[in-house]
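Trainee: how would this look folded up:
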Amino acid sequence: MRYGLLFILILTGYIITAQEVRFEARTQIDQVPKGGTFEVEFNLKNGEGTGFIPPPFKGFRIVSGPMQSYRTTIVNGRRSSSLGFTYSLMAEKEGTFNIKPASISVSGKTISSNQVKVVVLQSNAPVTKFGDDPMGKIFLVAQTDTNQVFIGQQVVIFYRLYTKVNVENYNILSESKYNGCYAQALDAYREPVLKEKINGEEYSTKVLRKVAVFPQQSGKIEIDPLHVRIGIPKRDPRFRGFFSAFNLRTENISSNSISLQVLSPFEGAPASFSGAVGQFNVGFRMSRTNATTDDALALTMHIRGNGDIKTIRAPEISAPVDFELFDAKILSERMINATDSVRGEKSFEYICLISKPDSYQFMPEFTYFNPALDSFITVRDSFEILISPGKRNSGTRSDNQLEADITDGYQDIEMSTRLYRARYQLSASPWYWGAYILPVLGFLFVFWYGNSPHKVAGDELDYANMARLRLESAKDHLDNKRAGLFYEEVAFSIKKFISQKLQVDTSEFNRETILNLLIEEGLASHPLAQVEQLLSRCDYALYSGKVSSDDMHSTYDQAVEVLSILVQRI
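Mentor: Numbering: from 1, shown residues only. Alright, predicted model coming up:
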């Protein structure tokens, strides 16, 4: 009887335990601000589970996880177990979201958890308070000097931490993609810890991150919050006195968002303005000021400032009539990360030929827009250039030399009474008539050859060779990893070839004009799309600065293919 009762109790306990297998999902909160983080836990009780499959977490981003835990407890002889999977999630969108069930396999059978409802609210205040420390406050603020800027103007965003508690460490979880801007992170490691009073309370402050942004388009641009996880030391109550110890508690905080109102500086800009916005120092240098008509002169323009140096184009230079000015070439370009901002340097070179000997005054200029003064600034320089005749210049000779040449053409008349035998009449010779007829035939041949299709093919070959030479120069920039110069040369080679073939002025030659002209020439849709894609890649690389070695190699291969197509079809 005793053993029978014991068997019944054991069997009953086993049945109860088997009935208590549960798979549950839970969170510590049901509401969270946008950008805030929380944890969701999937817990399997009293079962051996395998093949855990999490839900998709739509509307949230996984910050960390899954962190797996396993616990076993025995109370009054009764054994229970728990298998947990914990995720840390960040709310990315406002609204009401249902986290769908997860699934797991137990004893060959798949079971599912319940779904969890989470409401994501609009995030207005970036302040986070810690409930177990009523005096502890910590928050993150995004700051800029101004919210109204111009295209290409540099704006530095400071993400500053304010705290009244000790912070052991921090980790940036996510930040804005800075859509519509070119962004460059600055060095914030050397930023000191300062003291600042807010509403009568003293905080320790430190800049955690600095980012320089250059807006690339007009209108409103939204900078999303920065999300940071911080570690805060917390005393372990289990240890006291000499053996006291600290645990590290983590909290997630978010900054405020920033709205930038971007204006265009091109309205009412002078002709010499080429996109420079900021504060700049400009210098000009001539290779020489005394030369001959056989010499080529070089004008170098060096620009240094805090604007977006990559988007600054070579300005159109106004020169005297006798100057033959060639397209500018980029000699150098670089961006320098300073502690407080990004500085840039860029140099252009203009080659010019002067065909007429004379004295000239050459006045190159560069115009930039200064946002602080809200006005255009033009920097000019002046060069006195003296050009003398070269060896290939025919020029004019002096009167004495001309008189000597005329005098040399006359000789004294010599009187003679000597007799000569009558000679054969030259007009009766076939050589006489051949001397008249052959030049006429030669002229007709030259005229026919000059107007034949062979000449057009020769011109095509010249244009194509010039474009290939430019691509070879781009290949040199590719090999030396000069990304800016590489993309400039690729775009210029394609645009220049099209302009020469179609006889179009390059001063009004943009991407839209190119595509319209190629459509008028009957270029098919597929090669037209290739041209547009290549030019778009070059523009994006020049404006964004985000390129890789693989991108450059594929761009070069595409440029060679596009040039080959254009040579055959236009």
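Trainee: And the contacts of stretch 70-87?
Mentor: Outside stretch 70-87, the residues that touch it by CB atoms under 8 Å, 6 or more residues apart in numbering are 13, 17, 20, 39-49, 52, 54, 57, 62, 64-69, 102. Placement of C-beta: from N, CA and C, glycine included.
Trainee: Report the buried residues of it.
Mentor: Ser81, Leu83, Gly84, Phe85, Tyr87 (16 or more other CB atoms under 10 Å).
Trainee: Can you measure across that stretch, start residue to end residue?
Mentor: 15 Å (CA to CA, to the nearest Å).
Trainee: now swap in stretch 207-225 and tell me
Mentor: First-to-last residue span, stretch 207-225, CA to CA: 15 Å.
Trainee: mean confidence for that stretch?
Mentor: Per-residue pLDDT values over stretch 207-225 give a mean of 92.
Trainee: Where does pLDDT dip in the stretch 351-500 of the chain?
Mentor: 392-462 (pLDDT under 70).
Trainee: how about the helices in it?
Mentor: 399-408, 430-450, 453-479, 483-502 (DSSP state H, counting those that start in this stretch).
Trainee: follow-up on the earlier one: and the contacts of stretch 70-87, which of them are in strands?
Mentor: 39-45, 49, 52, 62, 64-69 (DSSP state E).
Trainee: before we move on, the earlier item: need the worst-confidence member of the buried residues of stretch 70-87.
Mentor: Where pLDDT dips furthest among these: Ser81, at 78.
Trainee: Starting from the helix or strand it falls within, tell me the next helix or strand along the chain.
Mentor: Ser81 is part of strand 78-91, with elements assigned from DSSP states H and E. Counting by DSSP H and E, the element after strand 78-91 in chain order, helix or strand, is strand 95-99.
Trainee: Which strands border that following strand, and is each parallel or antiparallel?
Mentor: Note on strand 95-99: by DSSP bridges, its sheet partners are strand 116-121 (antiparallel).
Trainee: pLDDT on the partner strand, on average?
Mentor: 86.
Trainee: For the remainder of this discussion, apply numbering that starts at 45.
Mentor: Got it, the first residue is 45 from now on, which makes the last one we talked about strand 160-165.
Trainee: that older thread, can you tell me the strand partners of the strand holding Ser125 and which way each runs?
Mentor: By DSSP bridges, strand 122-135 pairs with strand 81-89 (antiparallel), strand 104-119 (antiparallel).
Trainee: Report the inter-axis angle for that strand versus strand 93-97.
Mentor: 10 degrees (axes from the mean of the first three to the mean of the last three CA atoms, to 10 degrees).
Trainee: how close does Thr116 get to Ile155?
Mentor: 20 Å (CB to CB, to the nearest Å).
Trainee: rewinding a little: quick one: buried ones out of the ones in strands among the contacts of stretch 114-131?
Mentor: Glu83, Val84, Glu85, Phe86, Asn87, Leu88, Lys89, Gly93, Phe96, Gly109, Pro110.
Trainee: quick check, nearest of these to Leu217?
Mentor: Gly109 (12.9 Å; CB to CB).
Trainee: got the contact list for the closest one?
Mentor: Phe129, Thr130, Tyr131, Ser132.
Trainee: Please report how far the residue nearest to Ile398 when sequence neighbours are not counted lies from Lys161.
Mentor: Nearest non-adjacent residue to Ile398, counting by CB to CB, 6 or more residues apart in numbering: Ile431, 4.9 Å away. Distance of Ile431 to Lys161, given as CB to CB: 83 Å.
Trainee: do the same with Lys435
Mentor: 90 Å.
Trainee: ok, now Pro359?
Mentor: Applying CB to CB to Pro359 and Lys161 gives a distance of 60 Å.
Trainee: neighbour count winner among those two?
Mentor: Comparing Pro359 with Lys161 by other CB atoms under 10 Å, the one with more neighbours is Pro359, at 23 against 11.
Trainee: hang on, isn't the more buried one packed against Ser318?
Mentor: Yes - the pair Pro359 / Ser318 is scored as a contact, 4.2 Å apart, by CB atoms under 8 Å.
Trainee: Show me whatever sits in contact with both of these two.
Mentor: By CB under 8 Å, 6+ apart, the residues touching both Pro359 and Ser318 are Phe410, Thr411.
Trainee: Doesn't Tyr233 lie inside a strand?
Mentor: No - counting by DSSP: H, G, I helix; E, B strand; the rest coil, Tyr233 is located in no strand; its state is coil.
Trainee: now Arg105, nearest residue through space, not along the chain?
Mentor: Met134 (4.7 Å).
Trainee: Wait, that neighbour touches Phe104, no?
Mentor: Yes - Met134 lies in contact with Phe104 (CB under 8 Å); the separation is 6.3 Å.
Trainee: Look at the closest residue to Lys144 other than its chain neighbours and say how many residues are nearby.
Mentor: Nearest residue to Lys144, sequence neighbours excluded (CB to CB, 6+ apart): Pro99, at 4.1 Å. Neighbour count of Pro99, defined by other CB under 10 Å: 20.
Trainee: What backbone torsions are found at Pro99?
Mentor: Dihedral angles of Pro99 (phi, psi; degrees, to the nearest 10) stand at phi -80, psi 170.
Trainee: quick one, what contacts it?
Mentor: Ile143, Lys144, Pro145, Ala146, Gln159.
Trainee: if you set the cut-off to 6 Å instead, what comes out?
Mentor: Counting by CB atoms under 6 Å, 6 or more residues apart in numbering, Pro99 touches Ile143, Lys144, Ala146.
Trainee: And for Val255?
Mentor: By CB under 6 Å, 6+ apart, the neighbours of Val255 are Ile201, Ala227, Ala229.
Trainee: Let's see that with 7 Å instead.
Mentor: Ile201, Ala227, Ala229, Leu230 (CB atoms under 7 Å, 6 or more residues apart in numbering).
Trainee: picking up where we left off before, list just the nearest of the ones in strands among the contacts of stretch 114-131 to Leu307.
Mentor: The closest of the ones in strands among the contacts of stretch 114-131, once distances to Leu307 are taken by CB to CB, is Ile106, at 39.0 Å.
Trainee: Ser132 and Glu393, how far apart?
Mentor: Distance from Ser132 to Glu393, by CB to CB: 55 Å.
Trainee: How about Asp189?
Mentor: In terms of CB to CB, Asp189 sits 35 Å off from Glu393.
Trainee: higher neighbour count, those two?
Mentor: Glu393 (18 against 9).
Trainee: Report the secondary structure state of the more buried one.
Mentor: Per three-state DSSP, Glu393 ends up strand.
Trainee: okay but it is in contact with Thr344, surely?
Mentor: Yes - shown here, Glu393 and Thr344 form a contact pair, counting by CB atoms under 7 Å, at 5.4 Å.
Trainee: thought Ile395 was touching Ala340?
Mentor: Yes - between Ile395 and Ala340 there is a contact under CB under 7 Å: 5.7 Å.
Trainee: Can you list the low-confidence ranges for the stretch 195-344 of the chain?
Mentor: Ranges of the stretch 195-344 of the chain meeting pLDDT under 70: 279-291.
Trainee: rerun that using 90 as the cut-off
Mentor: Within the stretch 195-344 of the chain, the stretches with pLDDT under 90 are 208-221, 228-246, 262, 270-299, 310-316, 337-340.
Trainee: residues near Asn300, how many?
Mentor: Neighbours of Asn300 (other CB under 10 Å): 18.
Trainee: Got phi/psi on it?
Mentor: phi -80, psi 160.
Trainee: can I assume it is in contact with Phe183?
Mentor: No - using CB under 7 Å, Asn300 is not in contact with Phe183, being 9.3 Å away.
Trainee: what pairs with Ser248 across the strands?
Mentor: Here Ser248, judged by DSSP bridges, has bridge partners Thr207, Lys239.
Trainee: Double-check it against Leu205; I have them as touching.
Mentor: No - Ser248 lies out of contact with Leu205 (CB under 7 Å); the separation is 8.4 Å.
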